[in-house]
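Visitor: heads up, no residue letters with this:
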């Protein structure tokens, strides 16, 4: 308010025209103050409107809204910063949880998550990569195994496997021939039947090539064995006789090797080849009918085969 006008207004002897002039001055000052106040309010509204419309809004599928500054939209996720903390960390959120993104310029994007087939392919690739990484992380391994299925064939086997460069497998094993049911059947005599007693052992080894896959791999190789065996017939009779033989086994070996992340493995395959006898002789043990001679059957070739079921663990 004008100070001069106020002073004049406090003087009760001033004229009416002076009072009128003073009132006009007060009104003009009020109008100017009101104009300034309106400008301040307008400026505040403009700044607030700019603030509200300068942010992106991420609308979630559950209805929640995130005021943000969107930085990236990738195949599987969205990266943003909180609008009230633009100097803060970058936050990532899955696209599968987002419905719409409303941008500061008024446009918007409807978010579609990747299809199930894409996710399935990605998961399969991830699992495949994990298997490959696991295989490549231990290219050289030492394993031990047993083949219990030999109990009904030509004897159970126990052995070692050394894997080199993830593909080459070197095998060393022992086969306990007397514990194989099929071994008794194939050495049956026409008159005496199955042997009363059978002793022997086979020591062998082999080499296999492995084609790695996601859960193991196919393999193919060669198995060699050196074995010796003795059969007793009519053991409780006066004509007890014994057959002794040495033999070499040569057999291709093929199958599939299943592997687990824990180190356990399963060899499933087929061994099929031939056993060549180098020595095959028999004689009576009690000098039956004064027969002291050793009878030689000569070298012979016999088929040899086994179903492989090796259960083991690798280190």
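Guide: Ah, there it is. Here the structure is a predicted model, which is why all the values come from computation and not from measurement.
Visitor: before we move on, which element is the closest residue to residue 300 other than its chain neighbours in?
Guide: Spatial nearest neighbour of residue 300, excluding adjacent residues (CB to CB, 6 or more residues apart in numbering): residue 277 at 4.9 Å. Bear in mind the C-beta positions are built from the backbone N, C-alpha and C, glycine included. Using DSSP states H and E, the element containing residue 277 is strand 264-284.
Visitor: Direction included, what does the very next helix or strand once past that strand pair up with?
Guide: Downstream of strand 264-284, the first helix or strand assigned by DSSP H and E is strand 295-296. Neighbouring strands of strand 295-296 in its sheet, by DSSP bridges, are strand 264-284 (antiparallel).
Visitor: list the buried ones in the strand it pairs with?
Guide: The neighbour-count check on strand 264-284 (16 or more other CB atoms under 10 Å) flags 265, 266, 267, 269, 271, 273, 275, 277, 280, 282, 283, 284 as buried.
Visitor: Quick check: the two most widely separated of the residues you listed?
Guide: The largest separation in those, counting by CB to CB, is between 265 and 284 at 48.4 Å.
Visitor: does residue 165 really touch residue 209, like I thought?
Guide: No - the pair residue 165 / residue 209 is not scored as a contact, 10.8 Å apart, by CB atoms under 8 Å.
Visitor: higher neighbour count, the two?
Guide: Counted by other CB atoms under 10 Å, residue 165 and residue 209 do not tie: residue 209 has more neighbours, with 13 against 8.
Visitor: what are the phi and psi angles of residue 183?
Guide: phi -70, psi -40 (degrees, to the nearest 10).
Visitor: Kindly report the same for the one 4 residues further on.
Guide: For residue 187, the backbone dihedrals (degrees, to the nearest 10) come out as phi -110, psi 20.
Visitor: any idea how far residue 278 is from it?
Guide: 17 Å (CB to CB, to the nearest Å).
Visitor: At which residues are the helices of the stretch 51-200 of the chain located?
Guide: In the stretch 51-200 of the chain, the segments counted as helices under DSSP state H, counting those that start in this stretch are 116-137, 181-186.
Visitor: looking only at pLDDT, what's the mean for the longest one?
Guide: With pLDDT averaged residue by residue, helix 116-137 scores 50.
Visitor: The last one now?
Guide: Along helix 181-186, the predicted confidence averages to a pLDDT of 91.
Visitor: Grab the nearest non-local neighbour of residue 166.
Guide: Here the residue nearest residue 166, using CB to CB, 6+ apart, is residue 139, at 4.4 Å.
Visitor: which residues touch the one you found?
Guide: By CB atoms under 8 Å, 6 or more residues apart in numbering, the residues touching residue 139 are 163, 164, 165, 166.
Visitor: Can you give me the distance of the first one to residue 262?
Guide: Here the criterion is CB to CB. By it, residue 163 lies 16 Å from residue 262.
Visitor: Show me which of the two is the more surrounded one.
Guide: Neighbours around residue 163 and residue 262, counted as other CB under 10 Å, are more numerous at residue 163. The numbers are 22 against 8.
Visitor: Does the more buried one touch residue 208 like I think?
Guide: No - under the criterion of CB under 8 Å, residue 163 is not in contact with residue 208, lying 9.4 Å apart.
Visitor: what's the overlap in contacts for these two?
Guide: What both residue 163 and residue 208 touch, as defined by CB under 8 Å, 6+ apart, is the set residue 169.
Visitor: Number of residues surrounding residue 189?
Guide: Neighbour count of residue 189, defined by other CB under 10 Å: 14.
Visitor: Across the sheet, point out what pairs with it.
Guide: Residue 189 forms beta bridges with residue 193, as assigned by DSSP bridges.
Visitor: pretty sure it contacts residue 233?
Guide: Yes - if you go by CB under 8 Å, residue 189 and residue 233 touch, sitting 5.6 Å apart.
Visitor: Quick check: the gap between the residue nearest to residue 175 when sequence neighbours are not counted and residue 182.
Guide: Take residue 175 and drop its neighbours on the chain: the residue closest to it by CB to CB, 6+ apart is residue 202, 4.2 Å away. Here residue 202 is placed at a distance of 14 Å from residue 182 (CB to CB).
Visitor: out of those two, which sits in the more crowded spot?
Guide: Between residue 202 and residue 182, residue 202 has the larger neighbour count (other CB under 10 Å), namely 21 against 15.
Visitor: you'd agree that one is up against residue 224?
Guide: No - in this structure, residue 202 is not within contact of residue 224 by CB under 8 Å, at 10.2 Å.
Visitor: intersection of neighbour lists for the two?
Guide: Shared contacts of residue 202 and residue 224 (CB under 8 Å, 6+ apart): residue 249.
Visitor: Least confident secondary structure element in the protein?
Guide: Each helix and strand of the chain was given a mean pLDDT (mean pLDDT, DSSP states H and E); the minimum falls on helix 3-9 at a mean of 46.
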